[in-house]
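Visitor: after the sequence you'll find the predicted model.
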Protein chains: 2
Amino acid sequence: MTEIEHSFKARLAGVADAVEAQLAALLAPGTLPGEIARPERLMEAMRYVALGGGKRLRPFLVVETAALLGAPGEGALRAACAVELVHCYSLVHDDLPAMDDDDLRRGRPTTHRAFDEATAILAGDALLTLAFDVLADGATDPDGAVRAGLVLTLARGSGAGGMAGGQMLDLAAEGRFEAAPRALVPEEIRRLQAMKTGALLAGSVAMGAILGRADAGQRAALDAYGLALGAAFQVADDILDVEASAEEMGKATAKDAGAGKATLVSALGLEAARAEAHALAEAAVAALSDFGPAAERLREAARFTVGRRS
Amino acid sequence: MTEIEHSFKARLAGVADAVEAQLAALLAPGTLPGEIARPERLMEAMRYVALGGGKRLRPFLVVETAALLGAPGEGALRAACAVELVHCYSLVHDDLPAMDDDDLRRGRPTTHRAFDEATAILAGDALLTLAFDVLADGATDPDGAVRAGLVLTLARGSGAGGMAGGQMLDLAAEGRFEAAPRALVPEEIRRLQAMKTGALLAGSVAMGAILGRADAGQRAALDAYGLALGAAFQVADDILDVEASAEEMGKATAKDAGAGKATLVSALGLEAARAEAHALAEAAVAALSDFGPAAERLREAARFTVGRRS
């Protein structure tokens, strides 16, 4: 492992630990002003979903982008948790029987399996709501316009025109709503993926930029980085799905590969998909050239997404 | 009908019309900055949920409270739409087979019946997300701190410690998660209802107060009003459920009354519940005494909730 890789992995793990602790505090039993009571079963399900899992790549992007621009830790950590709460809610709802119907996630029973469907739906709803609560709270940033900007960015990235819309397109691509579905062309797959996965990753970078008061030039560079990184991530994920066994991934990968899921691997073939992933990662790296050595961990994150996930 | 009643009903209908038009604009096909595309089926489902129905009482409370304090129309109307989007999302998710399993809502097939379960889940998610988008957008208020305050208030009222938590308690009260459920005592029912229904109604008033830059004394009076109104509304709704036939309500009321749903009517009896509803409405009216005649429509709204719903 190179020095840079080592530094990146240590920082990724460090952010993941800090996010875990902050999420645990956000999901503690005590109520906040304006809340009446936090039902035990619901909180238990929310903690089941949000705690103890994942590399926390989205939080890393928020924290690292904010740090690049000199924004202090606690606000960035709270914004990072908000993004992760949205990511977690989307996993719970996507796993539901009416959606992808998955029994396992990260090697554990999915939330509707560990609890029940109603609890899983409500836990997802409450996690999504909590994400906006966390951003709007004064503890995230003293400037209300910054807090509102974070809310707007997260909402646009995760709503009908972003992540939720991407899941809708993904279900449609499976032929759920048509008698005779047609295969998507690569450009449609790219758009689907930009919405379903890319928008939240790009949004994470954008939220770091908002917290760090990026100027127009910095923001444009970071947006280009986030866009390329988000696209690279999903192509790389599709490649992993094909390559990895069900056990290694801890979820049912055969389904993704086999059931006509719209991926660039199935549309372009494995080699062309791999080339696209690497080109996107390189574009992400190149977008940060003006930031110099300070942005090396963000560059490393782009390389990490396409080759060194473990 | 008295002069006051007439004025109230005309204003209620006027706000409902304005909300309908604004919601239609918010749910139009065109994308906003930061959105990639709005999938047609998802938007169609969102419009099915949000348009064409209801008295729009929550929006009325936002608009009327803001107007009482001199806050201009467009921001209040946007905030009113945000509250209604949250109300609508909660209806879609509560109606799902895994939750209350309802086939009809306002006399029409529920969203998962008219579309499918996956689309209904996603439409609810996207409506909730859009609510925060609408509040955080600069068009709602020029002051970022006000926009963030609106987001925080709506999130607290509708999340785990408010509406979503209340639905969880309601499912628990039905005995979903226990072999031998016990009947709730009246105080538990009041808390459940304060969360499930009251929090969003009280939140609507609070959001109007935030938009209107209420001072501490005004805010305290309006909070007291919102709290009492929210409680009155739910007791009155339970009474209506018992009294009205399934056809008149356009939904399956026998289920609410019969299946051991936790209501004050079943816990206290019809007469005591009616007395409580009227006492709460009177408390709501009394809370606004300092505002003088300008608050008459809000007072009328409190009376309306307990006696003149049609």
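Guide: In hand now; what should we look at?
Visitor: quick one, longest helix in chain A?
Guide: Looking across chain A with DSSP state H, the single longest helix is helix A:216-243.
Visitor: find the nearest non-adjacent residue to A:L171, please.
Guide: Spatial nearest neighbour of A:L171, excluding adjacent residues (CB to CB, 6 or more residues apart in numbering or on different chains): B:A118 at 5.5 Å. C-betas here are computed from N, CA, C, even on glycine.
Visitor: mind listing the strands for chain A?
Guide: A:104-105, A:108-109 (DSSP state E).
Visitor: redo those strands as CSV? Include mean neighbour count and mean pLDDT.
Guide: Below are these laid out as CSV (neighbours: other CB atoms under 10 Å in any protein chain shown; pLDDT from 0 to 100):
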stretch, mean neighbour count, mean pLDDT
strand A:104-105, 18, 94
strand A:108-109, 14, 96
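Visitor: got these as CSV, with distance to B:M207 columns?
Guide: Output for the strands of chain A, formatted as CSV (distance: least, CB to CB, whole Å):
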stretch, distance to B:M207
strand A:104-105, 36
strand A:108-109, 39
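Visitor: any chance of a markdown table for those, columns distance to chain B?
Guide: Output for those, formatted as a markdown table (distance: least, CB to the nearest CB, whole Å):
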| stretch | distance to chain B |
| --- | --- |
| strand A:104-105 | 17 |
| strand A:108-109 | 16 |
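Visitor: which residues does A:A79 contact?
Guide: For A:A79, the contact set (CB atoms under 8 Å, 6 or more residues apart in numbering or on different chains) comprises A:62, A:66, A:134-135, A:140, A:150, A:207-208, A:211.
Visitor: tell me how many other residues crowd A:A82.
Guide: Other residues near A:A82 come to 29 when the count uses other CB atoms under 10 Å in any protein chain shown.
Visitor: just A:E271 next, same as before
Guide: A:E271: 9 neighbours (other CB under 10 Å).
Visitor: do A:F177 as well
Guide: Neighbourhood size, A:F177 [other CB under 10 Å]: 14.
Visitor: same thing with A:P72?
Guide: A count of nearby residues for A:P72, using other CB under 10 Å, gives 12.
Visitor: against A:V63, how distant is it?
Guide: In this view, A:P72 and A:V63 are 11 Å apart by CB to CB, to the nearest Å.
Visitor: so for the residue nearest to A:L171, what's the pLDDT?
Guide: Confidence at B:A118, expressed as pLDDT, is 98.
Visitor: check contacts around it.
Guide: Shown in contact with B:A118 (CB under 8 Å, 6+ apart): A:96, A:98-99, A:171, A:176.
Visitor: residues in contact with A:L270?
Guide: Residues in contact with A:L270 (CB under 8 Å, 6+ apart) are A:239, A:242.
Visitor: with A:A172 instead?
Guide: The neighbourhood of A:A172, defined by CB under 8 Å, 6+ apart, consists of A:178, A:181, B:39, B:41.
Visitor: tell me which entries of those residues lie within helices.
Guide: Going by DSSP H, the helices hold B:R41 from those.
Visitor: closest to A:D215 out of the contacts of A:A172?
Guide: When the contacts of A:A172 are ranked by distance to A:D215 (CB to CB), B:P39 comes first, at 34.3 Å.
Visitor: can I get stretch A:273-282 in CSV? Just the C-alpha atoms.
Guide: Taking C-alpha atoms only, stretch A:273-282 is exported to CSV below (Å, rounded to 0.1, in the frame of the first residue of the first chain):
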residue,chain,number,x,y,z
ALA,A,273,-17.5,-0.8,-18.7
ARG,A,274,-14.2,-1.1,-16.9
ALA,A,275,-12.6,1.4,-19.3
GLU,A,276,-15.5,3.8,-18.7
ALA,A,277,-15.1,3.5,-14.9
HIS,A,278,-11.5,4.3,-15.1
ALA,A,279,-12.0,7.2,-17.5
LEU,A,280,-14.5,8.7,-15.1
ALA,A,281,-12.2,8.3,-12.2
GLU,A,282,-9.5,10.0,-14.1
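Visitor: hang on, the earlier thing: any chance of the contacts of A:A79 in TSV, with distance to A:A273 and pLDDT too?
Guide: Formatted as TSV, the contacts of A:A79 follow (distance: CB to CB, whole Å; pLDDT from 0 to 100):
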residue	distance to A:A273	pLDDT
A:V62	28	98
A:A66	32	98
A:V134	36	98
A:L135	35	98
A:T140	38	98
A:L150	33	98
A:M207	29	98
A:G208	28	98
A:L211	34	98
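Visitor: where does pLDDT dip in the stretch 151-300 of chain A?
Guide: Along the stretch 151-300 of chain A, the model assigns pLDDT under 70 to residues A:245-260.
Visitor: residue of it closest to chain B, please.
Guide: A:G161 (2.6 Å; CB to the nearest CB).
Visitor: so how far is A:G198 from that residue?
Guide: As judged by CB to CB, A:G161 and A:G198 stand 12 Å apart.
Visitor: now swap in A:A82 and tell me
Guide: To A:G198, A:A82 is 18 Å away according to CB to CB.
Visitor: equivalent analysis for A:P109, please.
Guide: Applying CB to CB to A:P109 and A:G198 gives a distance of 29 Å.
Visitor: and the gap between A:A98 and chain B?
Guide: For A:A98, the distance to chain B equals 3 Å [CB to the nearest CB, to the nearest Å].
Visitor: the residue nearest to that residue when sequence neighbours are not counted: neighbour count?
Guide: Nearest residue to A:A98 in three dimensions, chain neighbours excluded: B:E117, at 3.5 Å (CB to CB, 6+ apart). By other CB under 10 Å, the residues close to B:E117 number 17.
Visitor: ok, A:S289 next?
Guide: There are 10 residues near A:S289, going by other CB under 10 Å.
Visitor: same check on A:E3?
Guide: By other CB under 10 Å, 7 other residues sit near A:E3.
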